[in-house]
Structure formats: C-alpha cells, structure tokens
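1. predicted structure and sequence below. I'll ask about it afterward.
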Amino acid sequence: MNLSILDIRGCAMLDELPKDIYNITHLKIQREEPLELGPDSDSDVELHLFDGPPTGNIVRNIRDAKRINLNERESIKSLSYECMRKEGWDGEAMLDALQPHQNLQKLCIRHYQGLMFPSWMRSQMDTFLPNIIKIKLFSIYDSEDLPVLGQLPKLEVIVVDNMPKVRRISDEFCGQRNAAGISFPSLKRLTLTNMWELEEWVTAVVAGDGERGTSLFPCLEELCISDCPKLRVRPGIPPSVKTLDLESSVLPLLTGLDGCQMSLKHLSINDLEEWISLPESIRHLSSLETLRIEECESLATLPEWLGDLSSLGSLEIRDCPLIDYLPASIRHLTALKTLDITACSESL
C-alpha cells in the first residue's frame with residue numbers, strides 16, 4: 001500500500017475510520033480541525049451543527065460534539081444552536097451530545113431537524129437547566145410537540161416561531177406542577193409566531209362544571225400572537241395578561257378576553273382582515289390604557305361603546321381606510337391624552 005495522504009475534510013458524517021488504516025506506514029490523514037472551546041469561553045456562544053460559515057463555531061459530527069464537553073462549560077450563559085438541515089444527519093443525537101451546563105440562562109435553537117427534542121429537553125428539564133431565563137425556538141419543521149417547559153423555575157421568556165407541525169399546545173406543555181401547585185412560575189412573556197397549523201392552546205384547567213379553573217400561566221403578562229390563522233385559545237386569554245399583541249390572526253382570539261377584563265392594559269391589533277366592527281369583548285376592558293388598531297382594511301366603523309373605556313389614555317388608528325368618522329362617545333374618554341389617526345378615510 002503506497003497511500004501517503006488521505007483527505008477526509010468535508011466528511012462531516014464520518015465519525016471513525018477502520019482501525020487497520022492506521023497500520024499504513026507514513027500515512028497522513030487530513031481532516032477538519034475540531035472545534036475547540038477553551039476553559040474561558042465567551043459567555044455568549046453560537047454553534048453551527050454539521051456545517052456553517054468559515055468563521056463560525058462548527059460542530060461537524062458527534063465525535064466533535066463530545067470532545068468539547070459543553071456540559072462542563074459553566075462560563076457559557078447564552079447558547080445558540082444553528083442546525084444545517086441535510087438528509088441522514090441525526091440532529092437529535094447531535095444535540096444530545098451538546099447538553100449545556102446548568103448555568104445556562106439563554107437558549108436558542110434554529111432549524112433543528114429532529115422529530116423529537118434531545119433527552120435533556122424532554123423530561124426533568126428543570127434538573128438540566130434550572131437557571132434558564134429565555135428560550136427561543138425557530139423554524140423547527142419536523143417536531144409535532146413543544147418541549148415540556150412548565151417546570152423551569154426561572155423561565156421568563158418563550159418565543160416559538162415557525163413550527164408548522166405543532167397543532168395543539170396542551171397542558172402537557174406545562175409538565176408536572178411545582179410544590180406550590182403551579183406551572184410556569186416565572187413566565188412573563190410568550191410569543192407565538194408563524195404557527196400556521198396551530199389550532200388550540202389550552203391556558204387553564206377546566207373545572208367539572210365547565211368553568212375556568214387554575215391558570216396554567218399564572219404570571220404571564222405579555223402575549224404576542226402573530227400569523228396563527230387557525231388558533232383558538234381555550235378557555236381564554238390568561239387573566240394575568242397586561243399586554244396583548246395580535247397580528248394576522250383570527251377574530252375568535254378576541255372573544256376570549258373575559259378572564260382579563262380587569263388586568264389588560266395594552267391591546268394592539270394588526271392586520272385582521274375579516275373585521276367589520278370591533279368585538280363586544282373589548283367594551284368590558286375597564287383597565288385598558290392603550291388601544292392600537294392598524295391595517296384592519298375591513299373595519300368600517302368604531303362603536304359608540306368606545307366611550308365606555310374609562311381608563312383609555314391612548315388611541316391609535318392607522319391604515320384603516322374605511323373608517324370615516326369617530327363616534328360621538330369619544331368625548332367621554334376623559335383620560336385620553338393621545339389620539340393618533342393615520343392613513344384612514346380622507347373625510348376623517
């Protein structure tokens with residue numbers, strides 16, 4: 001055998017070579033340099049799985065993933081996984097080998113191609129990531145379920161964007177409740193975006209008589225729902241929500257405001273095409289301070305009951321071309337300080 005150079009650079013899926021190959025005298029094996037993370041790694045790290053830009057931190061295979069010992073890197077506080085989608089590459093096994101340290105506070109996963117999340121995100125996640133504050137999941141096309149996040153004691157922010165196979169967010173999302181009997185004990189902000197097939201989100205335990213029971217999101221204050229055209233919230237928006245931002249979603253979401261009549265302070269509605277008039281449920285938001293309505297092209301009139309919103313301090317109406325007058329009751333809005341009307345009917 002006269003082989004002197006074996007070039008296996010670019011063979012990301014090749015974990016090992018035949019043992020006999022090392023018996024070839026003077027053989028030089030050229031391979032990609034494995035990623036090295038020193039003991040003093042930056043607190044904010046982005047990893048590219050399988051492939052990535054030349055200057056990126058690329059983890060090419062499971063061997064490299066195990067070598068960097070990510071679960072021992074206690075200095076890393078923010079971690080982002082960018083997964084290269086290619087046929088035959090086992091993203092679940094790769095993320096299993098890239099379990100982060102318990103000190104991690106922020107986690108972002110993009111373009112993950114596994115049917116299931118790694119084992120450290122499926123059960124007892126509060127043991128693996130007890131200090132996590134923010135979790136973002138982007139463009140995860142194959143998984144039908146969200147990881148169980150309700151047990152994480154410090155989790156404050158969740159962003160889920162573009163998971164097209166998720167149809168239902170049930171109480172399984174919450175997992176087992178803590179010693180105080182609640183889930184998501186610290187969650188303050190939730191964003192659901194581009195969830196085209198999401199049909200149902202369960203927000204509370206329903207009692208035997210059909211009445212709303214214990215909220216599954218007791219501390220949630222800010223809720224953003226965008227481009228979720230099939231979504232229904234059952235039994236309704238969590239009563240703790242103070243800020244609600246709806247964009248390109250469906251009207252029934254605004255019929256579930258009964259539970260937050262006293263708490264909701266800021267309501268933003270953008271691009272709800274099927275609207276002709278404002279739903280009656282808004283009328284009873286006695287604590288509402290700001291109302292912004294934008295790009296609702298079918299909205300033709302504003303109701304007289306608008307004057308019942310006694311706490312309203314700011315009213316913004318933009319890009320609603322059919323609205324050509326304001327109701328007379330607007331004079332009863334004694335707390336109103338800001339009135340912004342832009343790109344509506346020329347007669348207004």
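-> Structure received. Numbers count the residues shown, from 1 in each chain.
2. where does pLDDT dip in this protein?
-> In the predicted model, the chain carries pLDDT under 70 at residues 1-42, 51-56, 85-88, 177-180, 207-212, 251, 273, 348.
3. in it, which spans are helices?
-> Taking DSSP state H, the helices of the chain run over residues 62-67, 91-96, 125-128.
4. out of these, the one nearest residue 319 is which?
-> In terms of Cβ to Cβ, the element of the helices of the chain nearest to residue 319 is helix 91-96, at 41.2 Å. Just so you know, the C-beta spots here come from the backbone N, C-alpha and C atoms, and that holds for glycine as well.
5. and the helices of the chain, which is most packed in?
-> helix 91-96 (a mean of 20; mean count of other Cβ atoms under 10 Å).
6. who touches it?
-> 49-50, 59, 61-62, 65, 81, 83, 109, 112-121 (Cβ atoms under 8 Å, 6 or more residues apart in numbering).
7. rewinding a little: nearest to residue 303, out of the helices of the chain?
-> helix 125-128 (45.7 Å).
8. could you export that closest one as PDB, CA atoms only?
-> Extracted in PDB, the C-alpha atoms of helix 125-128 (Å, rounded to 0.1, in the frame of the first residue of the first chain):
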ATOM      1  CA  MET A 125     -35.600  19.800  32.200                       C
ATOM      2  CA  ASP A 126     -35.700  21.800  35.500                       C
ATOM      3  CA  THR A 127     -32.800  19.500  36.600                       C
ATOM      4  CA  PHE A 128     -30.800  20.000  33.500                       C
END
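9. and that helix, how far out from the chain's middle?
-> Relative to the centre of its chain, helix 125-128 is centred 19 Å away, using Cα atoms, centre = their mean, to the nearest Å.
10. how about the strands in the stretch 151-300 of the chain?
-> 157-161, 168-169, 189-193, 200-202, 204-206, 212-215, 222-226, 232-234, 243-247, 266-270, 290-294 (DSSP state E, counting those that start in this stretch).
11. mind putting those strands into CSV with mean neighbour count and distance to residue 134?
-> What follows is the strands of the stretch 151-300 of the chain, written out as CSV (neighbours: other Cβ atoms under 10 Å; distance: least, Cβ to Cβ, whole Å):
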stretch, mean neighbour count, distance to residue 134
strand 157-161, 19, 4
strand 168-169, 19, 18
strand 189-193, 18, 9
strand 200-202, 17, 20
strand 204-206, 17, 24
strand 212-215, 16, 21
strand 222-226, 19, 13
strand 232-234, 17, 23
strand 243-247, 19, 17
strand 266-270, 19, 21
strand 290-294, 18, 25
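12. residue 277 is nearest to which of these?
-> strand 290-294 (11.4 Å).
13. let me see the residues that make contact with the closest one.
-> With Cβ under 8 Å, 6+ apart, strand 290-294 has contacts from 265-271, 278, 282, 299, 309, 312-320.
14. give the partner strands of that strand in its sheet and their orientations.
-> When pairing is defined by DSSP bridges, strand 290-294 lines up against strand 266-270 (parallel), strand 314-318 (parallel).
15. as CSV, those with distance to residue 105 would be great.
-> CSV is the format used below for the strands paired with strand 290-294 (distance: least, Cβ to Cβ, whole Å):
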stretch, distance to residue 105
strand 266-270, 27
strand 314-318, 34
